[in-house]
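Visitor: Provided below for reference: sequence and predicted model.
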Amino acid sequence: MVEYNAKNLSGFMKSWDMEYTRLMKETTGTYPNEYTRIYAMALLNSQDVADIDALAGATASYQAFVLLARKAVEKAQAGDTAAAFVNLSY
């Protein structure tokens with residue numbers, strides 16, 4: 001199972017923020033509920049972070065996803081099944 005999500009600077013899940021979703025969809029053509037699922041499914045299918053391409057309009061989220069995915073893969077390879085988290089400060 002792969003699930004990817006991110007919080008905004010105030011700590012609210014981006015995929016739950018309908019105003020953010022609407023504005024992002026209008027300006028970039030994608031939105032959190034879309035790109036998070038695409039990235040998660042790509043990792044599940046390929047099992048290799050290097051095989052996953054960034055989506056136009058979600059490149060900053062892609063960079064965060066790559067860091068998180070690498071950490072999750074490292075944990076899995078070590079036998080650790082707990083969720084992986086990364087903290088970013090942009």
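Guide: All right, it came through fine.
Visitor: going forward, measure contacts between C-alpha atoms and count neighbours the same way
Guide: Noted.
Visitor: tell me the SS of Val86?
Guide: Using DSSP: H, G, I helix; E, B strand; the rest coil, the structure places Val86 in coil.
Visitor: so who does Lys75 touch?
Guide: Shown in contact with Lys75 (C-alpha atoms under 8 Å, 6 or more residues apart in numbering): Thr81, Ala82, Ala84.
Visitor: Look at the closest residue to Leu88 other than its chain neighbours and report its pLDDT.
Guide: Excluding the flanking residues, the one nearest Leu88 by C-alpha to C-alpha, 6 or more residues apart in numbering is Ala64, at 7.6 Å. Here the pLDDT value assigned to Ala64 is 91.
Visitor: burial measure for Ala64, as a count.
Guide: 16 (other C-alpha atoms under 10 Å).
Visitor: and it, what element?
Guide: Following DSSP states H and E, one finds Ala64 within helix 59-77.
Visitor: Now that helix: buried residues?
Guide: Neighbour counts over helix 59-77 (16 or more other C-alpha atoms under 10 Å) mark Ser61, Tyr62, Ala64, Phe65, Val66, Leu67, Leu68, Ala69, Lys71, Ala72, Val73 as buried.
Visitor: Distance of the second one relative to Ala56?
Guide: Spatial separation of Tyr62 from Ala56 under the definition C-alpha to C-alpha, to the nearest Å is 10 Å.
Visitor: In a markdown table, list the buried residues of helix 59-77 along with distance to Ile38.
Guide: Converted to a markdown table, the buried residues of helix 59-77 look like this (distance: C-alpha to C-alpha, whole Å):
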| residue | distance to Ile38 |
| --- | --- |
| Ser61 | 12 |
| Tyr62 | 10 |
| Ala64 | 14 |
| Phe65 | 11 |
| Val66 | 13 |
| Leu67 | 16 |
| Leu68 | 15 |
| Ala69 | 13 |
| Lys71 | 18 |
| Ala72 | 17 |
| Val73 | 17 |
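Visitor: With that, I have no additional questions.
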